[in-house]
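Engineer: sequence and computational prediction follow.
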There are 2 protein chains.
Amino acid sequence: MSKAANTRNMILTKSFELIYKQGYQATSIDNILETTKVTKGAFFYHFKNKDEMGLAMINEIIYPGMYASLVKPLLDAKDPINDIHEMMRVVLLKVPFLRAKYGCPAVNLIEEMSPLNEDFKKGLLKLTNHWQDAIKENINQGKALKQIRQDVNPEYVACFVVAGYSGIRNMGKAMGSSCYNIFLQEFKNYLKQLA
Amino acid sequence: MSKAANTRNMILTKSFELIYKQGYQATSIDNILETTKVTKGAFFYHFKNKDEMGLAMINEIIYPGMYASLVKPLLDAKDPINDIHEMMRVVLLKVPFLRAKYGCPAVNLIEEMSPLNEDFKKGLLKLTNHWQDAIKENINQGKALKQIRQDVNPEYVACFVVAGYSGIRNMGKAMGSSCYNIFLQEFKNYLKQLA
DNA sequence: CATTTTAAATACTGATTGGTATGTAACACA
DNA sequence: TGTGTTACATACCAATCAGTATTTAAAATG
């Protein structure tokens, strides 16, 4: 990687960490410069303003991360009830970077930025839509395998699953990670009923 | 109400509306003064700083509002599956002040402030705890009435329901209110399985 | 009526915000 | 080796931030 590309990447990854913990608006450019040791000139050379950096962060950091942990485990369905529960369990309990106190980076940004900025909303919508599509497709494959009842609506299930995830990430911020285990237990009951 | 109490109340209710739409940190005191026509002297006479006002807003505006729309409908259970679904339906579709784009004031504040301020976290935790207790108690009454299976764990259900609500409020910010109807459909399937 | 307390108005402060203007090394390419 | 482009570095700017200091009007109380 070239030195310039390295600088740009440093800005994006460190901004991601700061914004995850502090929120987008509460993370100032000066704060980013301080922790990256990059100068303001370099920052505004690579991004024309703060929002463009935020968008790049969504597309280049958050999207690939969510694809790896949320979408990939659902491709090639073996047993949707297990596939989906396991995906949820892993992302809630086995990703060390994600702390209950700080929630989920994507959920946080949807919450903070969707009502304020149309570009952010569109970028974040792509994330959730792709995740919902993956759940939907997994359920459809499960129906073909007769593991899921034929009257189950995959789109509805996808919406409900994503809502559950977003919600427990929100609750975890106030209650801590103990609620994750409770959620996973009851989530299993919900999923079982799809068979 | 005295003139002073009126001023204080005006600050709280207008701050609530602004913070609901803009977020707590993004709503400046000057912004509040501008829309209330209250002066800075009056503001800092009634509240020693911004955070104290925010806490008062949670306790005096948000808490009573959530009690009326989320807790009260669950007291005196008739049929938990219907009680809980109806509570959810009404709060999602029938409270005109709440717009999908802006989500739920309490969920927003939990998301934004829980990791940053311990006092906010405690105040907001009281809200969700009281709501969860109401759901739990409703389910318990339903078990006594043999409308809910005896092996259902009311605490788990309460956690799952609150997570679903928080999550769909988050999704609605990006997707609009159409996802509310989908969620309510699938939520009914979840609840039915408790019988 | 006199005095004290409550409630509010005005003007200010230092710190921080996103962003700009300008300058300058390092490097690619002719 | 000269020239233009890339990739920064530094200093600055107007606007906005939460909060303070000081003054003043209104209301309660003796």
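Structural biologist: That came through, no problem.
Engineer: what residues does chain A have near DNA strand C?
Structural biologist: A:25, A:27-31, A:40-41, A:44, A:48-51 (CB under 7 Å from any atom of the strand). Heads up, the C-betas are built off the backbone N, CA and C, glycines and all.
Engineer: for DNA strand D, what's its nearest residue on chain A.
Structural biologist: In chain A, the residue that lies nearest DNA strand D is A:G41 (1.6 Å; CB to the nearest atom of the strand).
Engineer: which residues touch the host helix or strand of that residue?
Structural biologist: Remark: A:G41 resides in helix A:40-46, with elements defined by DSSP states H and E. Applying CB atoms under 8 Å, 6 or more residues apart in numbering or on different chains, the contact partners of helix A:40-46 are A:A4, A:T7, A:R8, A:I11, A:I29, A:D30, A:I32, A:L33, A:M53.
Engineer: next up, the contacts around the most centrally placed residue in chain A.
Structural biologist: Centre of chain A computed as the mean C-alpha position; nearest residue by CA atoms, centre = their mean is A:A106, 4.1 Å away. Neighbour list for A:A106: A:I62, A:M66, A:L124, A:L127, A:T128 [criterion: CB under 8 Å, 6+ apart].
Engineer: could you identify the most distant pair in those residues?
Structural biologist: A:I62 and A:T128 (11.4 Å; CB to CB).
Engineer: neighbour count winner among these two?
Structural biologist: A:T128 (24 against 21; other CB atoms under 10 Å in any protein chain shown).
Engineer: burial count for the residue of chain A found nearest chain B?
Structural biologist: Distance from chain B to each residue of chain A (CB to the nearest CB) is smallest for A:G167, at 2.9 Å. Residues contacting A:G167 under the criterion other CB under 10 Å number 26.
Engineer: can you tell me the helix or strand for the nearest residue to it once chain neighbours are set aside?
Structural biologist: Take A:G167 and drop its neighbours on the chain: the residue closest to it by CB to CB, 6 or more residues apart in numbering or on different chains is B:G167, 2.9 Å away. Using DSSP H and E, B:G167 maps to helix B:154-175.
Engineer: elements contacting that helix?
Structural biologist: Where contact means 3 or more CB pairs under 8 Å, 6 or more residues apart in numbering or on different chains; DSSP states H and E, helix B:154-175 is packed against helix A:105-113, helix A:118-144, helix A:154-175, helix A:178-192, helix B:80-93, helix B:105-113, helix B:118-144, helix B:178-192.
Engineer: dump stretch A:14-22 to PDB, restricted to CA.
Structural biologist: What follows is stretch A:14-22, C-alpha atoms only, in PDB (Å, rounded to 0.1, in the frame of the first residue of the first chain):
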ATOM      1  CA  LYS A  14      -9.200   5.300  13.600                       C
ATOM      2  CA  SER A  15     -12.300   7.500  12.800                       C
ATOM      3  CA  PHE A  16     -14.300   4.300  12.900                       C
ATOM      4  CA  GLU A  17     -13.100   3.400  16.400                       C
ATOM      5  CA  LEU A  18     -13.700   6.900  17.700                       C
ATOM      6  CA  ILE A  19     -17.100   7.200  16.100                       C
ATOM      7  CA  TYR A  20     -18.100   3.800  17.400                       C
ATOM      8  CA  LYS A  21     -17.500   4.900  21.000                       C
ATOM      9  CA  GLN A  22     -18.400   8.600  20.800                       C
END
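Engineer: give me the buried positions along that stretch.
Structural biologist: Neighbour-count burial for stretch A:14-22, counted by 16 or more other CB atoms under 10 Å in any protein chain shown, picks out A:K14, A:S15, A:F16, A:E17, A:L18, A:I19, A:Y20, A:K21, A:Q22.
Engineer: show me which of the residues you listed neighbour DNA strand D.
Structural biologist: Checking these against DNA strand D (CB under 7 Å from any atom of the strand), there are no matches.
Engineer: please flag which of those residues sit within helices.
Structural biologist: A:K14, A:S15, A:F16, A:E17, A:L18, A:I19, A:Y20, A:K21, A:Q22 (DSSP state H).
Engineer: of all those residues, which comes closest to B:P80?
Structural biologist: Scanning these for proximity to B:P80, where the rule is CB to CB, the winner is A:Y20, at 37.6 Å.
Engineer: pLDDT on stretch A:46-65, on average?
Structural biologist: The pLDDT scores in stretch A:46-65 average 97.
Engineer: thought A:Y165 was touching A:M88?
Structural biologist: Yes. The pair A:Y165 / A:M88 is scored as a contact, 6.5 Å apart, by CB atoms under 8 Å.
Engineer: for the two, indicate the residue with more neighbours.
Structural biologist: A:Y165 (26 against 22).
Engineer: contact partners for A:T27?
Structural biologist: A:S15, A:L18, A:I19.
Engineer: meant to ask about A:P105
Structural biologist: A:F16, A:I19, A:Y20, A:I62, A:G65, A:L98.
Engineer: go again using 7 Å as the cut-off
Structural biologist: Listed by CB atoms under 7 Å, 6 or more residues apart in numbering or on different chains, the contact partners of A:P105 are A:F16, A:Y20, A:I62.
Engineer: repeat for A:L127
Structural biologist: A:I62, A:Y63, A:M66, A:A106.
Engineer: and the end-to-end length of stretch A:144-155?
Structural biologist: 15 Å (CA to CA, to the nearest Å).
Engineer: who's in contact with it?
Structural biologist: With CB under 7 Å, 6+ apart, stretch A:144-155 has contacts from A:D79, A:P80, A:K136, A:I139, A:N140, A:G142, A:K143, A:L194, A:A195, B:I182.
Engineer: out of those, flag the one nearest to A:F120.
Structural biologist: Closest to A:F120 out of the contacts of stretch A:144-155 is B:I182 (23.1 Å), distances taken as CB to CB.
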